[in-house]
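Asks: here is the input, now give the coordinates:
(one chain, ligands or ions: 2)
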Amino acid sequence: MMQDVWTQLGPTIAAIMFTWTMYQNYFPHELRGHIRNINRKYTDKLVNYFYPYMHITFYELETEGWFKRSKAYVTIERYLSKNSSTQANRLKANAAKNGQSVVLTMDDHEEITDEYKGVKVRWISSQKPANRQTISLYREDEKRYFKLQFHKKNRDLITNSYLKYVLDEGKAISMKERQRKLYTNNKGDGGGYRYRGGRMWSGVVFEHPSTFDTLAMDPKKKQEIIDDLETFSKSKDYYAKIGKAWKRGFLLYGPPGTGKSSMIAAMANLLKYDIYDLELTSVKDNTKLRKLLIDTTGKSIIVIEDIDCSLELTGQREKNKKKKEDKDKNEEDAVKEKMKKGGEEKEKQSEVTLSGLLNFIDGLWSAIGGERLIIFTTNYVEKLDPALIRRGRMDKHIVLSYCCFESFKVLAHNYLDVVEPHVHFPEIRRLLEENNNTTPAEIAENLMPKSSKENADTCLERLIKALEIAKEEAKLKAEEEERAKAAEKDREEKKDVKNADGVNEKDNGVKENGDVI
Ligand SMILES: Nc1ncnc2c1ncn2[C@@H]1O[C@H](COP(=O)(O)OP(=O)(O)OP(=O)(O)O)[C@@H](O)[C@H]1O
Ligand SMILES: [Mg+2]
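Replies: Ligands and ions are numbered 1, 2, ... in the order given. Predicted coordinates for the structure are as follows:
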C-alpha cells in the first residue's frame, strides 16, 4: 500500500523539482521579483479579507539604558485603569502615592475595549515568555506589553489622534492622582543655597484639608473664584491664541485670620496643584529669584505671603509717587527708576528689587512651565506699590474680610453640623450685623467643641457671649477714640486761640506803635 503511494508521488515530486530548477536557472531575476510581488499582493488581500486588523505594541521596559519602565507604557496603564477596573476579570494592583493608594490595571492576558469618536479599539495586556537560557538580573526577559488592536480602515484616526488623546489623558490622570508637594526655598548658613538633589526647593507632602466647601465667605464670591480657577485650568489653547503666558496672578488681602492661607490651600486642592511657598527675604538677589522660578514645575501655585513684609516696597512706592507727581512718566520709566533704587534699599536682608520681582511675575522667564498661579497675600494692601499689583500682573484682587452671617453659616455647618433655621441664629445674625469686626478665625475658635460634654448649643451660646463682649469692647473703644478725638480737637482749638491772641497782641502793638508814630 505504502509502496503504491510512493510510486505515484515519485514522478510528481520529480516534476516539481525539475520545474523549480528551471525557474531558478533560466527565469530572469526581475521577472521572479515581479511574480513574488504579485503573489504577496494577493496573499495580503486574502489576509486582509479574513483579518482586517492591525496592532501597535507598547513594551513595558525600555530596551536602552537601565531597562526603566517606559513612560508611554506607564501613561497608557494609567489611562486604561478606569476601563480595566470595570471590564477586566483579573486585575493587578500597583502602589501609588507612596503606598497610600493603589492603581488597578488589567492582569496579563486580559483584554478590554475602548471607544474613541465612535471607533472601537481593543487593548490586550500580554507578556512574552521569559528566555530561560539567559540569566538576567533584571526583568528584561519578561517582556510585558500592551497591544492596541484596531481595524485597518481607522489607521489614520488611531495613529494621528487617538494615541495622543490616550497619552494626554493618562498624563492628566497621573497628575491628578500624584502626591502633591509643598515646597519652600532653601537658604544655607553662609547665605548660599543648599541644592537638595540638585534643586533649590525642598518639599514635603502637601496635605492641607482646606477646600472651598470648608471656606467661609460670601457664596457668590466663592463661586466666582471657583469658576475663575476652573476656566483658567482649561484655557491652555486660549492663552496660546491670545499670546499670553498661561499664568494668573491673585492678590489676597484682608485682616489676619480671615482665611487667606486657607484659600490658597483650597485653590491647590481644587486644581490639584503643588505649592511653592517663596520666602522672599531668604532670596539673595534677582538672579537667584530667577533661578528659583526656573526650578519650579507647571501645575503649581507660587505663593509670597505677607508681601508687604517681604521687601521694602513701601519706601520705593512713596519715592515713585513723588516723582509721578512731578512728571507724568509711564510705568516703564517708573520701573527703571526702581531698578536703580531697589538694590540699595534691601541691602541688609536681600538684594531682590521690585523690578526683579516684577520680572519674576511677568518677565520672559515667567512663561516657563505654564499653568501656574502666582499669589501674594497681605494685611495692608495700601502699603504695596501700585506697579506690583496692577491688573494684568495681579489679575484678580480678592478681599477676605470679617465674618458676615453667610460666612458664619458655613462655619456652623462645618464645625457643628448646624444649619438654618436654628434658635440661636437670629441673635448671632443681629450681633454680626451690629458689630462686624470678628474674624472667621475667632468665630471658628468659639464654635469648636473643647470637651466631649460640649454640644452645638453650648458652642453657639459661647459664641453669642464672645460676640457680645466684642461688641461691648468695640463700643468702649469707639467711645475712647471719640474722647481722644474731642480732646485733640480741644487742644487744637486752644492752640489756635493762643496763636490768634499772640497775633492780636502783636497787631495791637503795631497799631499802637503806628498810632504812636
Ligand atoms: N474664611 C475662613 N473660612 C474658614 N476658616 C477660616 C477662615 N478664615 C480663617 N479661618 C480659620 O482660621 C484659621 C486661620 O486662618 P488663615 O491662616 O487662613 O488666615 P490668614 O488670613 O492667612 O491670616 P494671616 O493674615 O495672619 O496669615 C484657619 O486655620 C481656619 O481654621
Ligand atoms: Mg496666612
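Asks: tell me the phi and psi of G369?
Replies: Torsion angles at G369 (phi, psi; degrees, to the nearest 10) stand at phi 90, psi -50.
Asks: same thing with Y59?
Replies: Dihedral angles (degrees, to the nearest 10) for Y59: phi -80, psi 150.
Asks: what separation do you get for the spatially closest residue to it that is not a sequence neighbour and ligand 1?
Replies: Spatial nearest neighbour of Y59, excluding adjacent residues (C-beta to C-beta, 6 or more residues apart in numbering): Y145 at 4.7 Å. C-betas here are computed from N, CA, C, even on glycine. Distance of Y145 to ligand 1, given as C-beta to the nearest ligand atom, to the nearest Å: 49 Å.
Asks: cool, and E445?
Replies: Taking C-beta to the nearest ligand atom, one finds E445 at 8 Å from ligand 1.
Asks: check D274 too.
Replies: Taking C-beta to the nearest ligand atom, one finds D274 at 19 Å from ligand 1.
Asks: count of neighbours near that residue?
Replies: Applying other C-beta atoms under 10 Å, we find 23 residues neighbouring D274.
Asks: surely the residue nearest to Y59 and H55 touch.
Replies: No: using C-beta atoms under 8 Å, Y145 is not in contact with H55, being 10.3 Å away.
Asks: more neighbours: which of those two?
Replies: Shown here are Y145 and H55; by other C-beta under 10 Å, Y145 has more neighbours (17 against 13).
Asks: show me what contacts the more buried one?
Replies: 57-60, 73, 125-128 (C-beta atoms under 8 Å, 6 or more residues apart in numbering).
Asks: switch to 10 Å and redo it
Replies: Neighbour list for Y145: 57-61, 70, 73, 108, 124-128 [criterion: C-beta atoms under 10 Å, 6 or more residues apart in numbering].
Asks: next one: K220
Replies: E406.
Asks: using the three-state scheme, assign it.
Replies: At K220, secondary structure determined by DSSP: H, G, I helix; E, B strand; the rest coil is helix.
Asks: if I look at it, what pLDDT would I see?
Replies: For K220, the model assigns a pLDDT of 92.
Asks: for the stretch 101-250 of the chain, which segments count as helices?
Replies: 155-156, 163-177, 219-233, 236-242 (DSSP state H, counting those that start in this stretch).
Asks: for the ones you listed, which one sits closest to ligand 1?
Replies: Nearest to ligand 1, of all these, is helix 219-233, at 9.5 Å by C-beta to the nearest ligand atom.
Asks: okay, buried residues for that closest one please.
Replies: Under the neighbour-count criterion of 16 or more other C-beta atoms under 10 Å, helix 219-233 has 222, 225, 228-229, 232-233 buried.
Asks: list the contacts for the residue in the stretch 201-350 of the chain positioned nearest to ligand 2?
Replies: Residue of the stretch 201-350 of the chain nearest ligand 2, by C-beta to the ion: S261 (3.3 Å). Applying C-beta under 10 Å, 6+ apart to S261 gives the contacts 208, 210, 252, 277, 303, 305, 377, 400.
Asks: one more pass at 8 Å, please.
Replies: S261 neighbours (C-beta under 8 Å, 6+ apart): 305, 377.
Asks: so it is in which element?
Replies: Secondary-structure assignment from DSSP states H and E places S261 in helix 260-271.
Asks: tell me the strands beside the following helix or strand past that helix, with direction?
Replies: Later in the chain than helix 260-271, the nearest helix or strand by DSSP H and E is strand 274-277. Strand partners for strand 274-277, identified by DSSP bridges, are recorded as strand 181-185 (parallel), strand 300-304 (parallel).
Asks: nearest to ligand 1, out of the ones you listed?
Replies: strand 300-304 (10.7 Å).
Asks: the closest one vs helix 260-271, what angle?
Replies: If you take axes from the mean of the first three to the mean of the last three C-alpha atoms, to 10 degrees, strand 300-304 sits at 170 degrees to helix 260-271.
Asks: hey, C-alpha coordinates of strand 300-304 in PDB?
Replies: Output of strand 300-304 as PDB, limited to C-alpha atoms (Å, rounded to 0.1, in the frame of the first residue of the first chain):
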ATOM      1  CA  SER A 300       1.700  74.900  40.600                       C
ATOM      2  CA  ILE A 301       1.000  77.900  42.800                       C
ATOM      3  CA  ILE A 302       3.800  80.200  43.700                       C
ATOM      4  CA  VAL A 303       2.900  82.000  46.900                       C
ATOM      5  CA  ILE A 304       4.500  85.000  48.500                       C
END
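Asks: what are the contacting residues of it?
Replies: Residues contacting strand 300-304 (C-beta under 8 Å, 6+ apart): 264, 267-268, 273-278, 280, 293, 296, 310, 369, 371-377.
Asks: next, the buried residues of the helix or strand just after it.
Replies: The helix or strand immediately downstream of strand 300-304 is helix 307-310, counting by DSSP H and E. If you call a residue buried by 16+ other C-beta under 10 Å, then helix 307-310 has these buried ones: 307-308, 310.
Asks: stretch 102-121 now?
Replies: Going by 16+ other C-beta under 10 Å, stretch 102-121 has these buried residues: 103-106, 110, 112, 114, 116, 121.
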